[in-house]
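Asks: no sequence for this one, just the structure:
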């Protein structure tokens with residue numbers, strides 16, 4: 001759960017040069033005596049301007065703030081984001097903060113950023129170089145051996161193609177969430193073995209199908225995989241460590257074939273809708289699957305394999321009358337599930 005206690009960043013200009021003890025000089029500084037781990041946990045609740053103020057209290061506080069392993073670049077005020085000058089000040093402040101941190105380890109880095117929305121006929125503004133500056137933040141996190149990276153970046157200029165593919169070459173990285181439109185993810189080198197355990201990709205374009213081969217061959221620890229991607233027709237994943245898988249794919253997407261196999265897979269969540277089932281296929285090899293949720297259309301070639309361990313199944317499909325045999329075939333594959341939820345369309349067809 002995200003930490004709601006974090007205060008929003010206010011006017012970024014007011015943050016610079018603000019310091020001083022701000023307290024009773026005769027008071028006892030209990031914070032500086034805390035172990036680093038406890039102090040860092042407390043500091044993780046602060047927005048960056050407040051963190052900079054704490055940094056000015058004492059040398060010890062400054063060291064704690066600069067070495068804080070959890071960074072949250074989010075919840076920026078509208079005053080800071082609405083104008084070009086405000087955004088420039090904010091970017092400059094954030095880059096100064098990263099520069100002061102140096103190579104101190106970043107355990108968790110969370111970024112929420114929305115590019116400046118301009119009228120179509122408006123003159124290009126200084127915000128056009130934001131993509132480059134955002135990429136330097138990500139490269140900095142990779143250099144500082146980030147373990148948890150959460151990126152949600154909204155772009156409005158289709159000419160600004162943003163590619164954070166360098167994150168896949170970060171050996172300590174264990175969790176990666178990427179939600180970026182107009183973003184192309186290129187396949188990493190197959191020679192690199194990733195330690196990713198959690199991967200969630202949303203609104204990104206996959207350059208080619210080799211990306212999923214890289215997941216199958218190089219992500220030996222992957223346990224959670226969640227996809228809502230574009231530009232790909234075939235998704236094939238054979239990874240024995242995979243435990244949870246989800247897919248969101250709409251009729252405007254290009255995907256035609258899904259083939260997933262894992263002995264440890266216990267949870268599948270599919271949302272797959274399309275206009276024509278003729279060129280769609282689904283193949284699942286998950287003998288230990290326990291929870292299966294499927295929303296969308298029924299394709300021409302569903303192959304669910306042997307599902308002997310099912311506990312909960314929820315099917316909300318939109319089959320046609322001519323799909324009756326396929327519906328019976330699918331339901332027969334699910335006969336061992338003690339809990340079966342079906343929508344009204346499927347029930348009436350049967």
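Replies: Nice, thanks for sending it over. If you're wondering where the values come from, they're calculated on a predicted model, not measured in any experiment.
Asks: sec struct for residue 149, please.
Replies: Taken by DSSP: H, G, I helix; E, B strand; the rest coil, the conformation at residue 149 corresponds to strand.
Asks: for it, give its distance to residue 215.
Replies: Relative to residue 215, residue 149 is positioned 17 Å away (C-beta to C-beta, to the nearest Å). Quick note: C-beta positions are derived from backbone N, CA and C, even for glycine.
Asks: and residue 152, what helix or strand is that in?
Replies: Assigning secondary structure by DSSP states H and E places residue 152 in strand 148-154.
Asks: what sits up against that strand?
Replies: When contacts are taken as C-beta atoms under 8 Å, 6 or more residues apart in numbering, the neighbours of strand 148-154 outside the stretch itself are 107-115, 134, 138, 141, 162, 164, 167, 170, 173-181, 183.
Asks: could you point out the helix or strand that follows it?
Replies: Towards the C-terminus, the helix or strand next in line after strand 148-154, according to DSSP H and E, is strand 175-180.
Asks: who does the next helix or strand after that following strand touch, helix- and strand-wise?
Replies: The C-terminal neighbour of strand 175-180 among helices and strands, as given by DSSP H and E, is strand 184-185. Counting contacts by 3 or more C-beta pairs under 8 Å, 6 or more residues apart in numbering; DSSP states H and E, the secondary-structure elements packed against strand 184-185 are strand 198-206.
Asks: any idea of the mean pLDDT in the strand it packs on?
Replies: Taken as a whole, strand 198-206 carries a mean pLDDT of 93.
Asks: who does that strand pair up with?
Replies: With DSSP bridges as the criterion, the sheet partners recorded for strand 198-206 are strand 175-180 (parallel), strand 184-185 (parallel), strand 224-230 (parallel).
Asks: now do the buried residues in it.
Replies: Of the residues in strand 198-206, 198, 199, 200, 201, 202, 203, 204, 205, 206 count as buried by neighbour count, 16 or more other C-beta atoms under 10 Å.
Asks: residue 51: neighbour count?
Replies: Residue 51: 21 surrounding residues under other C-beta atoms under 10 Å.
Asks: checking my notes, it in a helix, right?
Replies: Yes: assessed by three-state DSSP, residue 51 belongs to a helix.
Asks: could you verify my assumption that it touches residue 65?
Replies: Yes: taking C-beta atoms under 8 Å as the definition, residue 51 is a contact partner of residue 65 at 5.3 Å.
Asks: who touches both of those two?
Replies: Counting by C-beta under 8 Å, 6+ apart, the common neighbours of residue 51 and residue 65 are residue 43.
Asks: can you list the low-confidence ranges for this structure?
Replies: By pLDDT under 70, the low-scoring segments of the chain are 1-28, 117-128, 157-162.
Asks: give the buried residues for stretch 333-342.
Replies: By 16+ other C-beta under 10 Å, the buried positions in stretch 333-342 come out as 333, 334, 337, 342.
Asks: let's have those in JSON lines, adding secondary structure and distance to residue 294.
Replies: Listed next are the buried residues of stretch 333-342 as JSON lines, based on DSSP: H, G, I helix; E, B strand; the rest coil; distance: C-beta to C-beta, whole Å:
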{"residue": "333", "secondary structure": "helix", "distance to residue 294": "11"}
{"residue": "334", "secondary structure": "coil", "distance to residue 294": "10"}
{"residue": "337", "secondary structure": "coil", "distance to residue 294": "12"}
{"residue": "342", "secondary structure": "strand", "distance to residue 294": "11"}
